[in-house]
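# no sequence on this one, just coordinates:
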């Protein structure tokens, strides 16, 4: 291959600049996850195909990346197998696939390690997932999910913890005007009973889930088409009313929902969560009770939530309570709750809103530039001392034009350069230049470390 | 699927305990990488197959994981294609593969981004790679490499930087008795000229590379078998002499190597590196000049090195200078140097030698245990305050036996638990229990934060 290689559509390299920004976001997420007692965990990229199949619906199934068996993959394939077409051939030549999300692998993990695991199990997991999507804007074939889940607790404190953590994370990311849309899945159960169509609960959820994309009018048209009568639709019309505070939302539910096991449970849950949030002094503004919020996935069984940044259409996180997921792998139901942040979406929002602090791009604090080979020796010694003082530093080898070294510092956003020529060396000095503000000053080599430390707020992290 | 899922051989889940240890190692590596001015970078797991093929030798080629084309992968396959056998069918049904190492993707990255990249380019990359190995002890199909490379500098300061960094990393990991075996590839060029067999340079390297595994006797037998004469072997016999200091090594080379462009260059390089290491005050003990060190890969063109922990057979890192790698993707040769740490090997050595500090397993500093639902409210408020003070804390919801909560704390290595019952709540107190030392004391809720801060050295990281 002698031509320059192309990249696969929908799959990206992450340059140092992009990585520094991504790592900044991940650091904030991880720090909060740990503050709340979540521990890191990882599953492999490659899973047995039967772990992944029949989990993501027909559409998702198409998007699984499958790995060809190693060696002679035709070894056990007959001409007949081949002639039956690709669908029949598939299970003969592939037995493994790439992770599609972090939730099914978590359920598989719980089943695999059930004998050693103690509950509640609180884990965070930040790893890429792969989907064979048609490449299009903002849709990637390889992207990172940042998930936290609590497996094995039905306490609504879990809900309160997740909601307050979202607030904390938004705060640390300096993301203002974040709204957490909150709802309870049992409302749809209660409502479908109220309209005498309990079998239509999932249909109702799936159609409501499209509200953000297609609008109220089209959702109502879809409901008609799905067999909901005019009076049934009228009965649930209040769902489309404007979002409200959680407190008002609870009143709304009390007004519109008939007494039923599901409605009682939903209201009691939301009231309890409300009281927990008050105990944690969470600002009520953050939560918008949103009775139309449905969340596409079928597996939610309780509260559901989605995090939006006002003024953008993207949701940066979402999650909810689910109790049945572990039954997929032969376990009994375990009450659980999960929350997933989309790293790429967070990145995009922060980039658009210019909320990524500049200093994160300055990883190196100081570049030493010896003007001749003789000056390399004292520079190397000071380089060692600088690093011992936790100042990230580099040296630009002698034998190049000064301009080249300065341009290197500029491109790498290095705030300080220290130039050592013959004169400086004789006098034990260094010519310090501040690359952001442009000024230059002479400094005794011995004063270099306190000088840089005092004037560099960043790059000093251990 | 109703039975409990199995995992793929050679591929592992990483439990929270294992992950905390892995993250500790990665943190130390990354911190040093950044101290030395390396920036993070990532490439995708999935590459075009033609990026990966013909790069890893016949053996490596067999180990590439290939991804089946999406949709109807037989669409453009004829019966004839099928009948030609699996090797002929391969390029028709797969176009993508999984990353096998981080070096070829780096070379591809340089070629892809050559118009926007400025040299020297110093990047670190910590990502998993995949190889379809036969599962066996200590051989994984998915494992992490931690690579740093400097692309575009021929200064031997790069060598000195990599070597001192290895020392720093060993130091931070409290790994004593680490040895860096150092050699120069041009020695083999010079030697093969000296014995009038310049065409046998690569053969010599490949056979010497097996020394660690099969011993001197078998290496000499292999050399015989490969056509080296008795007198040729005698001529290079000094290579097998004991390792020496770099200084002695240079003398050894001066004694045994005839004047030749390659020998002059090798000696000059090593002398320069020696002087740089002295300037950086690196302990001479760390380096063992090892003239038999060959490093299997063909692409090295200058210094080569390998890091061993005395008393173990595993090498935890290795690398060297290479100049031609970018030509694989149509670029001109660029002088470069790389160093790769094996995360799994480092983990193994640190685990065996019990060098992983215990405190890294205590991610949460304090568990609050309200004994009744009424006590949840004050606990939630203090939970918020604790986290604001950067103390990672959790709450164990009421309604369980105290013993269950204590056992949760124990399993999670949480050093402090704070129990709040009716009596404590009335008096504004909390019963603090130290889980490691067992003592218990009563503490005013208001004093909780300074108390925990003072007595918890860890878990306070931002």
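It's in. The model shown is predicted, which means the values in this text are computed figures rather than measured ones.

# residues touching residue A:70, list them.
Counting by Cβ atoms under 8 Å, 6 or more residues apart in numbering or on different chains, residue A:70 touches B:62-63, B:65, B:132. Glycine gets a C-beta too; all of them are placed from N, C-alpha and C.

# next, it: secondary structure please.
The three-state label given to residue A:70 by DSSP: H, G, I helix; E, B strand; the rest coil is coil.

# hey, where'd the strands end up in the stretch 251-400 of chain A?
All strands of the stretch 251-400 of chain A, identified by DSSP state E, counting those that start in this stretch, fall at A:287-289, A:303-309, A:315-322, A:336-342, A:366-370, A:393-395.

# the helices in the stretch 151-300 of chain A, which residues?
Ranges of helices in the stretch 151-300 of chain A, per DSSP state H, counting those that start in this stretch, are A:157-172, A:186-194, A:201-208, A:211-225, A:230-235, A:246-256, A:261-279.

# and the last one, what does it pack against?
So the one you mean is helix A:261-279. Judged by 3 or more Cβ pairs under 8 Å, 6 or more residues apart in numbering or on different chains; DSSP states H and E, helix A:261-279 is in contact with helix A:157-172, strand A:178-184, helix A:186-194, helix A:246-256, strand A:303-309, helix B:373-388.

# wait, which of the ones you listed is closest to residue A:10?
Of all the helices and strands packed on helix A:261-279, it is strand A:303-309 that lies closest to residue A:10, at 23.9 Å by Cβ to Cβ.

# what's the angle from the closest one to helix A:261-279?
50 degrees (axes from the mean of the first three to the mean of the last three Cα atoms, to 10 degrees).

# what does strand A:303-309 contact?
The contact list for strand A:303-309, computed with Cβ under 8 Å, 6+ apart, reads A:156, A:159, A:162-163, A:166, A:170, A:175, A:177-185, A:269-270, A:273, A:290, A:293-295, A:314-321, A:337, A:339, A:349, A:353.

# try stretch A:193-202
By Cβ under 8 Å, 6+ apart, the residues outside stretch A:193-202 that reach it are A:188-189, A:192, A:226-228, A:232, A:235-236, A:257-258, A:260, A:262, A:298.

# returning to that earlier point: as TSV, the strands of the stretch 251-400 of chain A with mean pLDDT, distance to residue B:207 and mean neighbour count would be great.
TSV is the format used below for these (pLDDT from 0 to 100; distance: least, Cβ to Cβ, whole Å; neighbours: other Cβ atoms under 10 Å in any protein chain shown):
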stretch	mean pLDDT	distance to residue B:207	mean neighbour count
strand A:287-289	96	69	23
strand A:303-309	96	60	23
strand A:315-322	95	56	23
strand A:336-342	97	52	24
strand A:366-370	97	42	25
strand A:393-395	97	38	27
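
# can I get the ones you listed in CSV including distance to residue A:358?
Conversion of these to CSV gives the following (distance: least, Cβ to Cβ, whole Å):
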stretch, distance to residue A:358
strand A:287-289, 32
strand A:303-309, 21
strand A:315-322, 22
strand A:336-342, 23
strand A:366-370, 17
strand A:393-395, 20
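
# hang on, isn't residue A:143 packed against residue A:128?
Yes. Judged on Cβ atoms under 8 Å, residue A:143 makes contact with residue A:128 at a distance of 6.5 Å.

# and the residue of the stretch 201-350 of chain A nearest chain B?
residue A:279 (4.0 Å; Cβ to the nearest Cβ).

# residue contacts, residue A:293?
A:181-183, A:208, A:304-306.

# measure it to residue A:277 for me?
17 Å (Cβ to Cβ, to the nearest Å).

# thinking again about what came up before, just send the helices of the stretch 151-300 of chain A back as CSV, with mean pLDDT, mean neighbour count and distance to residue A:10 too.
Output for the helices of the stretch 151-300 of chain A, formatted as CSV (pLDDT from 0 to 100; neighbours: other Cβ atoms under 10 Å in any protein chain shown; distance: least, Cβ to Cβ, whole Å):
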stretch, mean pLDDT, mean neighbour count, distance to residue A:10
helix A:157-172, 97, 22, 27
helix A:186-194, 95, 23, 34
helix A:201-208, 90, 19, 26
helix A:211-225, 93, 14, 21
helix A:230-235, 94, 13, 39
helix A:246-256, 96, 16, 39
helix A:261-279, 97, 18, 38
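
# redo those helices as a markdown table? Include distance to residue B:357.
As requested, the helices of the stretch 151-300 of chain A are exported to a markdown table (distance: least, Cβ to Cβ, whole Å):
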| stretch | distance to residue B:357 |
| --- | --- |
| helix A:157-172 | 27 |
| helix A:186-194 | 47 |
| helix A:201-208 | 49 |
| helix A:211-225 | 48 |
| helix A:230-235 | 62 |
| helix A:246-256 | 44 |
| helix A:261-279 | 36 |
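
# to residue A:438, which of those helices lies closest?
That would be, of the helices of the stretch 151-300 of chain A and by Cβ to Cβ, helix A:157-172, which comes in at 32.2 Å.

# any of the contacts of residue A:70 buried? List them.
For the contacts of residue A:70, a burial check counting by 16 or more other Cβ atoms under 10 Å in any protein chain shown picks out B:63, B:65, B:132.

# any idea how far stretch A:184-195 is from the middle of the chain?
Averaging C-alpha positions (Cα atoms, centre = their mean, to the nearest Å) puts stretch A:184-195 30 Å from its chain's average.

# do stretch A:205-217 as well
Between the centre of stretch A:205-217 and the centre of its chain there are 24 Å (Cα atoms, centre = their mean).

# go on, stretch A:92-105?
Stretch A:92-105 sits 20 Å away from the centroid of its parent chain (Cα atoms, centre = their mean).

# look up the pLDDT of residue A:459 for me, please.
Note on residue A:459: pLDDT of 40.

# right, I mislabeled it, should have said residue A:137
Looking at residue A:137, its pLDDT reads 78.

# gap between it and chain B?
Using Cβ to the nearest Cβ, to the nearest Å, residue A:137 is found at 18 Å from chain B.

# again, but for residue A:426
Taken as Cβ to the nearest Cβ, the span from residue A:426 to chain B is 17 Å.

# low-confidence stretches in chain A?
For chain A, the stretches with pLDDT under 70 are A:1-4, A:297, A:456-462.

# go again with 80.
Confidence mapping of chain A against pLDDT under 80 gives the ranges A:1-8, A:135, A:137-138, A:242, A:296-298, A:313, A:455-462.

# show me what contacts residue A:107?
Taking Cβ under 8 Å, 6+ apart, we find residue A:107 in contact with A:325-326, A:328-329.

# which one (most neighbours) among those?
residue A:325 (25 neighbours; other Cβ atoms under 10 Å in any protein chain shown).

# these two touch, right, that one and residue A:103?
Yes. Under the criterion of Cβ under 8 Å, residue A:325 makes contact with residue A:103 at 7.0 Å.

# helix, strand, or coil at the nearest residue to residue A:173 once chain neighbours are set aside?
Distances taken as Cβ to Cβ, 6 or more residues apart in numbering or on different chains put residue A:28 closest to residue A:173, at 5.8 Å, once the chain neighbours are dropped. Taking three-state DSSP as the rule, one finds residue A:28 in the helix state.

# ok, residue A:332 to residue A:152 distance?
11 Å.

# ok, these two, which is more surrounded?
For residue A:332 versus residue A:152, neighbours defined as other Cβ under 10 Å are more numerous around residue A:152 (16 against 8).

# so is stretch A:347-367 next to chain B?
Yes. Judged by Cβ under 8 Å from any Cβ of the partner chain, stretch A:347-367 and chain B are in contact via A:363-364, A:367.

# stretch A:80-97 now?
Yes. Stretch A:80-97 reaches chain B (Cβ under 8 Å from any Cβ) through A:82, A:85-86, A:89-90, A:93-94, A:96.

# and which of these is nearest residue B:283?
Nearest to residue B:283 among those, with distances taken as Cβ to Cβ, is residue A:96, at 47.1 Å.

# spit out the contact partners of the residue nearest to the closest one when sequence neighbours are not counted.
Leaving aside its sequence neighbours, residue A:96 sits nearest to residue A:67 (Cβ to Cβ, 6+ apart; 4.3 Å). Contacts for residue A:67 (Cβ under 8 Å, 6+ apart) come out as A:46, A:94-98, B:65-68, B:98.
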